[in-house]
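below is the sequence, then the predicted model.
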Amino acid sequence: GIWNYASGLAEYFGSWMDLAERMLTATHEVRWAGEEVSNFGTQLSYMGWLAIWMTTYRETVGNRSWLLRFLSLIQLLSNFIFVDRTRPLWILFGVFAVAAALRYGKLTTAKTLRLMLLSVILSVGIFVAIGSWIGKIDLRARGDSPESAVLTALEPVYYYATSGFAYLDQIMLTEEPARTLERSLYPMAQIMSRAGLVDPPPPQINEFLYVPMPTNVGTFLEPLYRDGGVPLVFVGIFLHTFGFGWLGTWLLRFPSAVTLAGWSTLCFCNAMAFFTPKFNNSPTWLFLALAGVVAIRARLYDRKNDYV
């Protein structure tokens, strides 16, 4: 999938060398080109995430393989071709979540707190590093001193952590809901539009608003409000909390690499809810569908064994 997507980019820029040059010097152009390159490589690449999480499951239960570790590393690094900060964070979040779920009985409170602290530090580090790489963070903008670099690095983290609430407040004050579900059910709307049944849904990359700093994220409630107003917001809050909690608990009753990947996806949706919606992303639907099939199959198998 990644090779297919990268091939489309190379064709868009003219050659593999031109693509490599832009990856080193003008990554923003690669990110913009991704909106023009349309193939199934993006969707296929999500299976690579699942492969990494399945490898994590195998490693945690004791079946270690240096070959699979190496392939997982290659898979992770290859995802940087998408020039996106969410992908590596999502993948690594799943690795931590799957490993933690399998070792839950062996984790003390102290170990859990250390794991959480490490996760936060690693997430912020990746966020800043990729932001600097793609040109969104200039560590020398305030000067060459270490203090200036730290301030410059952490300022975007603060904005990203808080601007979603201001963005949501702004659209609730100024916009009228569209009375559709095309944003909330984006993957389904995409499939139906490609089949020619409906018009294409609005892009998931929002327009920037100044609130007062420019931002285009509005927490997980943004698509819900734009689709159905306050009533749909309350429905979404209920499903995002109690619904996800029930579904995640149910998946944990049938522990396997795939069901734990689905459970970790629900955890990631909630972890990112303050910032941006993930419940309406294609990988979320894919992983939950696969996890549901595996869990239902396990449930039916258990019933058959009980009957016998």
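Okay, I see it.

so, low pLDDT: which residues of the stretch 201-308 of the chain?
Within the stretch 201-308 of the chain, the segments meeting pLDDT under 70 span 303-308.

and the gap between the residue lying closest to Thr241 once chain neighbours are set aside and Asn216?
Once flanking residues are discounted, Thr241 sits nearest to Asn270: 7.9 Å by C-beta to C-beta, 6 or more residues apart in numbering. C-beta here means a position set from N, CA and C on the backbone, and glycine is covered the same way. Using C-beta to C-beta, to the nearest Å, one obtains 21 Å as the distance from Asn270 to Asn216.

quick revisit: assign a three-state SS to the residue nearest to Thr241, would you?
Here Asn270 is helix, with the state taken from DSSP: H, G, I helix; E, B strand; the rest coil.

residues in contact with it?
For Asn270, the contact set (C-beta atoms under 8 Å, 6 or more residues apart in numbering) comprises 240-241, 244.

narrow these to just the buried residues.
By neighbour count, with 16 or more other C-beta atoms under 10 Å, the contacts of Asn270 hold 240, 244 as buried.

quick one: which of the contacts of Asn270 sit in helices?
Phe244 (DSSP state H).

the longest helix along the chain - contacts with which helices or strands?
Ranked by number of residues, the top helix in the chain under DSSP H is helix 146-174. Here helix 146-174 touches helix 109-133, strand 209-210, strand 214-215, helix 222-238, going by 3 or more C-beta pairs under 8 Å, 6 or more residues apart in numbering; DSSP states H and E.

which other residues reach the last one?
When contacts are defined by C-beta under 8 Å, 6+ apart, helix 222-238 is touched by residues 164, 167-168, 171-172, 175, 177-184, 186, 206, 220-221, 276-277, 279-280.

let's go with 10 Å and repeat that
Helix 222-238 is contacted from outside by 164, 167-168, 171-172, 175-186, 201-202, 204, 206, 216, 218-221, 239-240, 243, 273, 276-277, 279-280, using C-beta atoms under 10 Å, 6 or more residues apart in numbering.

tell me which of the residues you listed fall in strands.
Nothing among those maps onto strands, per DSSP state E.

filter those residues to the buried ones?
164, 167-168, 171-172, 177, 181-186, 201-202, 206, 218-221, 240, 273, 276-277, 279-280.
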